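Undergrad: What follows is a predicted protein model with its sequence.
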Amino acid sequence: MTEPTTWQLLGDVEACLQRITVANGFRTDAGLAVTREPSRVPESESAVIGLALGRLEPPDQPGLARTHRKASIVIVGKIAVDSTDDQARLHDLLDDITRAIDGQATRFGAGRALPTFVSASPIEPEPGVKWLGLTVIYSAHVLR
């Protein structure tokens, strides 16, 4: 039996995000720590990207109502706080995430559309926490 299309979609996004390395022309090496299991990320990583399925909704295109669902993808990026330019590094991470997904339609298999950017927002850390983070939301249509 094949995997659910929503899990396959997350795998496609994960593959895009794993390209994020300085050697590949990005600003960070966050692609070295990308996971669909965010609870299993070691604290020792200086930059981490986790992703999960958000909401599933009816498609916003009438022609897809019987065959597809609209899935939101929640991407959480975190960087360790260790310098005087932490906010700039967080912006670098956001830029890397969006660049890694944009224009990558061929990486998405049958029945899974290239996700489109919806929003990005900072994550306010608790006092004493040694990281900064952000949440980036994408959406895509997937076959039922």
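TA: Perfect, I can see it now. What you see is a predicted model; the values in this text were computed from it and never measured. Numbers count the residues shown, from 1 in each chain.

Undergrad: How about Ser121, nearest residue that isn't a chain neighbour?
TA: Closest residue in space to Ser121, ignoring its immediate chain neighbours: Thr135 at 5.5 Å, by C-beta to C-beta, 6 or more residues apart in numbering. Where you see a C-beta, it was placed from the backbone N, CA and C, and this is true even at glycine.

Undergrad: okay but Ala100 is in contact with Phe26, surely?
TA: Yes. In this structure Ala100 lies within contact range of Phe26 using C-beta atoms under 8 Å: 7.1 Å.

Undergrad: Count residues in the vicinity of Gly103, would you?
TA: 10 (other C-beta atoms under 10 Å).

Undergrad: so how far does stretch 56-75 reach from one end to the other?
TA: Using C-alpha to C-alpha, to the nearest Å, the end-to-end distance of stretch 56-75 comes out at 15 Å.

Undergrad: Show me which residues of that stretch are buried.
TA: Pro59, Leu64, His68, Arg69, Lys70, Ala71, Ser72, Ile73, Val74, Ile75 (16 or more other C-beta atoms under 10 Å).
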